[in-house]
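1. With the input below, show me the fold.
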Amino acid sequence: MSATNIKSKALYFLSRREYAYQELFTKLKKYSDNEGEIRQVLDNLRESGYLSEQRFIQSFINSRSKKHGLLKIKYQLSQKTTDSDLVNQIINDTDFDEVTLARELFKKKFGIVATDRQELAKQIRFLQNRGFSYSIIKQVINGSFE
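-> The predicted structure follows:
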């Protein structure tokens, strides 16, 4: 596959959604074995503003922040991008109220805090699987719903 074809394929993917550099590189490797050419095309796209790690991270956080906590979002981002400093910076700059989100998800799923130990463990696991820290889960379970 030539550089022109790689670029058009990359632009096609970018027209559908934002991608991280590494994620798009992996996707384009399916179409071409020439890694140097792929990196050159991606570098050119980054310089021209079509490929932006910052936009990808912001978009990813916005799409996941309605159902997941920061722990899960950070983990998923670590799988897609190598710039953990940028991820932490953008997360810190984002107005994200985890406690309120955890309460809303908990209310929607369960309604009330269980009195049965087994059911309470199930409720805690639900919030853990959504990526909330233990301190936030504790606030939701103990604080009930103001």
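2. quick one, helices of this structure?
-> Ranges of helices within the chain are 3-16, 21-29, 35-47, 53-64, 70-80, 84-93, 98-109, 117-129, 134-143, based on DSSP state H.
3. List the buried residues of the lowest-mean-pLDDT helix or strand in the chain.
-> Across the helices and strands of the chain, mean pLDDT, DSSP states H and E gives its lowest value to helix 84-93, namely a mean of 89. By 16 or more other C-beta atoms under 10 Å, the buried positions in helix 84-93 come out as 87, 90-91. For the C-beta atoms, the positions are set from N, CA and C on the backbone; glycine is no exception.
4. Can you lay out these as JSON lines showing distance to residue 104?
-> Rendered in JSON lines, the data for the buried residues of helix 84-93 read as follows (distance: C-beta to C-beta, whole Å):
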{"residue": "87", "distance to residue 104": "24"}
{"residue": "90", "distance to residue 104": "23"}
{"residue": "91", "distance to residue 104": "20"}
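5. Which one of those is nearest to residue 52?
-> residue 90 (11.6 Å; C-beta to C-beta).
6. how close does that closest one sit to residue 124?
-> Applying C-beta to C-beta, to the nearest Å, the value for residue 90 to residue 124 is 29 Å.
7. Please parse the protein into its domains.
-> 3-51, 54-93, 98-143 (automatic domain parsing).
8. end-to-end on the longest one?
-> Which is domain 3-51. 16 Å (C-alpha to C-alpha, to the nearest Å).
9. Might you calculate how far it sits from the centre of the chain?
-> Centre-to-centre, domain 3-51 and its host chain are 20 Å apart (C-alpha atoms, centre = their mean, to the nearest Å).
10. Could you measure from residue 40 over to residue 1?
-> 13 Å.
11. For the nearest residue to residue 46 once chain neighbours are set aside, give me its contacts.
-> Spatially, and ignoring its direct neighbours in sequence, residue 46 is nearest to residue 21 (6.8 Å; C-beta to C-beta, 6 or more residues apart in numbering). By C-beta atoms under 8 Å, 6 or more residues apart in numbering, the contact list for residue 21 reads 42, 46, 51, 53, 81.
12. With residue 28 as the reference, measure out to residue 21.
-> Distance from residue 21 to residue 28, by C-beta to C-beta: 11 Å.
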